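Q: Just the structure for this:
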Amino acid sequence: MRHTPGPWITDQDQRVVTDEAGEQVCTLWERLQRDENARLIAAASELLGELARALRYIETPGDFQPREHAEIVDDLSALLARITTP
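A: Presented below is the predicted three-dimensional model:
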C-alpha cells in the first residue's frame, strides 16, 4: 500500500493536514464536523500502523506475551482517545 508516510499533523484551524515536512496531505472544506474529521484523517497513517502491529501480534502463534499485549492495548487506546477527544 502506498500513501504519504506519517505522522500527519493538522493546522491550528483543523483545515489542512500535512506530513512532517509540511507537504499537504488534504484540505477539509466542510465545516460540519471538520475538527473530528481532521483528527481522524491526521491519525490515519498511525492507525494503519497500529492495526498492522496488532494483527501481526494476533496472528503470531506461540506464547501469550502479557507485556506486548498490554503495550498494544495502551497504544491503541491512546490513539483512539486522541482521535475522539476534542
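Q: Just give me the neighbour total for Asp11.
A: Look at Asp11: counted by other CB atoms under 10 Å, it has 14 neighbours. Glycine gets a C-beta too; all of them are placed from N, C-alpha and C.
Q: For the remainder of this discussion, apply numbering that starts at 40.
A: Will do, 40 is the new start, and the previous item becomes Asp50.
Q: Isn't it up against Thr57?
A: Yes - counting by CB atoms under 8 Å, Asp50 touches Thr57, with 7.3 Å between them.
Q: Contacts only, for the most centrally placed residue in the chain.
A: Closest residue to the average C-alpha location of the chain: Ala82 at 2.8 Å, with CA atoms, centre = their mean. Residues near Ala82 by CB atoms under 8 Å, 6 or more residues apart in numbering: Trp47, Leu118, Arg121, Ile122.
Q: if you set the cut-off to 7 Å instead, what comes out?
A: With contact set as CB atoms under 7 Å, 6 or more residues apart in numbering, Ala82 has these partners: Leu118, Arg121, Ile122.
Q: number of nearby residues for the second one?
A: Translated: Arg121. Counted with other CB under 10 Å, residues neighbouring Arg121 total 13.
Q: Look up how far Cys65 lies from it.
A: Remark: distance between Arg121 and Cys65 (CB to CB, to the nearest Å) = 18 Å.
Q: With Val112 instead?
A: 30 Å.
Q: Settle it for me: which of those two has more neighbours?
A: Per other CB under 10 Å, whichever of Val112 and Cys65 has more neighbours is Cys65, with 16 against 11.
Q: Does the more buried one lie in a helix or a strand, and which?
A: Per DSSP states H and E, Cys65 falls inside strand 63-66.
Q: So which bits of the lengthiest helix in the chain are buried?
A: The longest helix of the chain (DSSP state H) is helix 73-98. Of the residues in helix 73-98, Asn76, Ala77, Arg78, Ile80, Ala81, Ala82, Ala83, Ser84, Glu85, Leu86, Glu89 count as buried by neighbour count, 16 or more other CB atoms under 10 Å.
Q: Can you add pLDDT and distance to Arg95 and give those back as JSON lines?
A: Shown next, in JSON lines, are the buried residues of helix 73-98 (pLDDT from 0 to 100; distance: CB to CB, whole Å):
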{"residue": "Asn76", "pLDDT": "84", "distance to Arg95": "29"}
{"residue": "Ala77", "pLDDT": "87", "distance to Arg95": "29"}
{"residue": "Arg78", "pLDDT": "86", "distance to Arg95": "26"}
{"residue": "Ile80", "pLDDT": "89", "distance to Arg95": "24"}
{"residue": "Ala81", "pLDDT": "87", "distance to Arg95": "24"}
{"residue": "Ala82", "pLDDT": "90", "distance to Arg95": "20"}
{"residue": "Ala83", "pLDDT": "90", "distance to Arg95": "19"}
{"residue": "Ser84", "pLDDT": "88", "distance to Arg95": "17"}
{"residue": "Glu85", "pLDDT": "89", "distance to Arg95": "16"}
{"residue": "Leu86", "pLDDT": "90", "distance to Arg95": "15"}
{"residue": "Glu89", "pLDDT": "90", "distance to Arg95": "11"}
